[in-house]
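> model the structure of this input:
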Amino acid sequence: MKAELQQMRKQSSGAIVNNSSLGGLVGIGGRGIYHASKHGVVGLTKSAGLECAPQGIRVNCICPGIFETPMVSGMLETQPEAMAELMKEVRIGRLGRSEEIADAVLWLCGPGSTFVIGHALPVDGGNTVR
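Numbering: from 1, shown residues only. The predicted structure is shown next:
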């Protein structure tokens, strides 16, 4: 963010979208170190959002849930029981698609979200709604 903010301060505008995770909003046993780092991204986003808003810069983050990725494909093959348990929490009943993350990022960068500052946006098929 340091290099991005230098330029955005010069132009008095900009939008940054950090990438956290579902693990930045909730905890799951056995993933403490990962979740600590992702909670850190959410905290950084909120602090930077507050600091940068007066300069015309918006800082937000996305918090993806379970998406179609090579890592998830591997987990489906090697840990089917664990993945079945995780998928019970995905209310939409399917894995997310990469274009759904892209759509969220584009919205956070675009003119439709100019009043959104320091927000951690879940893109998780309803997992965090509970």
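
> this structure: helices as residue ranges?
Applying DSSP state H to the chain gives helices spanning 2-11, 32-52, 70-78, 80-87, 98-109.

> and the strand ranked longest in the chain, average pLDDT?
When the chain is parsed with DSSP state E, its longest strand is strand 57-64. Regarding strand 57-64, the rounded mean pLDDT is 98.

> that one - which strands sit beside it in the sheet, and in what orientation?
Applying DSSP bridges to the sheet, strand 57-64 is found paired with strand 14-19 (parallel), strand 120-123 (parallel).

> out of these, which gets nearest to Glu51?
Closest of the strands paired with strand 57-64 to Glu51 is strand 14-19, at 11.6 Å (criterion: CB to CB). To be clear about C-beta, it is placed using only N, CA and C from the backbone, and glycine gets the same treatment.

> pull out the buried residues from that closest one.
Going by neighbour count (16 or more other CB atoms under 10 Å), the buried part of strand 14-19 is Gly14, Ala15, Ile16, Val17, Asn18.

> export it as PDB, just CAs?
Provided in PDB are the C-alpha atoms of strand 14-19 (Å, rounded to 0.1, in the frame of the first residue of the first chain):
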ATOM      1  CA  GLY A  14      -7.900   6.500  -5.400                       C
ATOM      2  CA  ALA A  15      -9.200   3.200  -4.200                       C
ATOM      3  CA  ILE A  16      -7.300   0.300  -2.700                       C
ATOM      4  CA  VAL A  17      -8.900  -3.100  -2.200                       C
ATOM      5  CA  ASN A  18      -6.900  -5.400   0.100                       C
ATOM      6  CA  ASN A  19      -7.400  -9.200   0.100                       C
END
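
> still on that earlier bit, mind putting the buried residues of strand 14-19 into JSON lines with distance to Val123 and pLDDT?
JSON lines is the format used below for the buried residues of strand 14-19 (distance: CB to CB, whole Å; pLDDT from 0 to 100):
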{"residue": "Gly14", "distance to Val123": "21", "pLDDT": "97"}
{"residue": "Ala15", "distance to Val123": "16", "pLDDT": "98"}
{"residue": "Ile16", "distance to Val123": "17", "pLDDT": "98"}
{"residue": "Val17", "distance to Val123": "11", "pLDDT": "98"}
{"residue": "Asn18", "distance to Val123": "13", "pLDDT": "98"}
